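Colleague: Sequence and predicted model, in that order:
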Amino acid sequence: MSTTNVSRVSDGIFTRCPAVITSAPAPAAAPAPAPMAAPLPPPAMAPMIAPTAAVPPATLAVRAPREELSRETV
């Protein structure tokens, strides 16, 4: 079934607008994915090895002053 609406725009000119028939509604969007599960549960027991203390900063050795070199060649 096709109907056409005709309207007069000005003298001698006609426009045709076909009737629009809608089809079935668009399908619904896919459901959202399930949230991601936690990777692993926390451990049931505390670690057996105690954490080590931080290493102290390195201290540079201080050398005793050297004797001055002689300016004379032997």
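Modeller: Ah, there it is.

Colleague: Determine the three-state secondary structure at P47.
Modeller: With DSSP: H, G, I helix; E, B strand; the rest coil as the basis, P47 sits in coil.

Colleague: Check it and give its pLDDT.
Modeller: On pLDDT, P47 comes in at 71.

Colleague: Tally up the residues packed near it, please.
Modeller: Close neighbours of P47, defined as other Cβ atoms under 10 Å, add up to 7. For every residue, glycine as well, the C-beta is placed using N, CA and C.

Colleague: just A32 next, same as before
Modeller: 6.

Colleague: swap in the one 10 residues further on?
Modeller: A total of 5 residues lie near P42 under the criterion other Cβ under 10 Å.

Colleague: The chain should start at 47 in everything you say after this.
Modeller: Happy to do that; since the first residue is 47 now, the last one works out to P88.

Colleague: list the contacts for it?
Modeller: By Cβ atoms under 8 Å, 6 or more residues apart in numbering, the contact set of P88 is empty.

Colleague: Look up how far M82 lies from it.
Modeller: Remark: distance between P88 and M82 (Cβ to Cβ, to the nearest Å) = 17 Å.

Colleague: Output the below-cut-off pLDDT ranges for the chain.
Modeller: 47-66, 68, 97, 105-107, 119-120 (pLDDT under 70).

Colleague: The same query, at a cut-off of 80, please.
Modeller: Along the chain, the model assigns pLDDT under 80 to residues 47-70, 72, 84, 88-89, 91-112, 114-120.

Colleague: Quick one: the strands in it, in order.
Modeller: 50-56, 59-64 (DSSP state E).

Colleague: now A76: how far from A70?
Modeller: 18 Å.

Colleague: and if you look at P79?
Modeller: With Cβ to Cβ as the criterion, P79 and A70 are 27 Å apart.

Colleague: swap in A96?
Modeller: A96 is 69 Å from A70, by Cβ to Cβ.

Colleague: can you check R109 too?
Modeller: In terms of Cβ to Cβ, R109 sits 92 Å off from A70.

Colleague: Before I go, just wanted to say thanks for your time.
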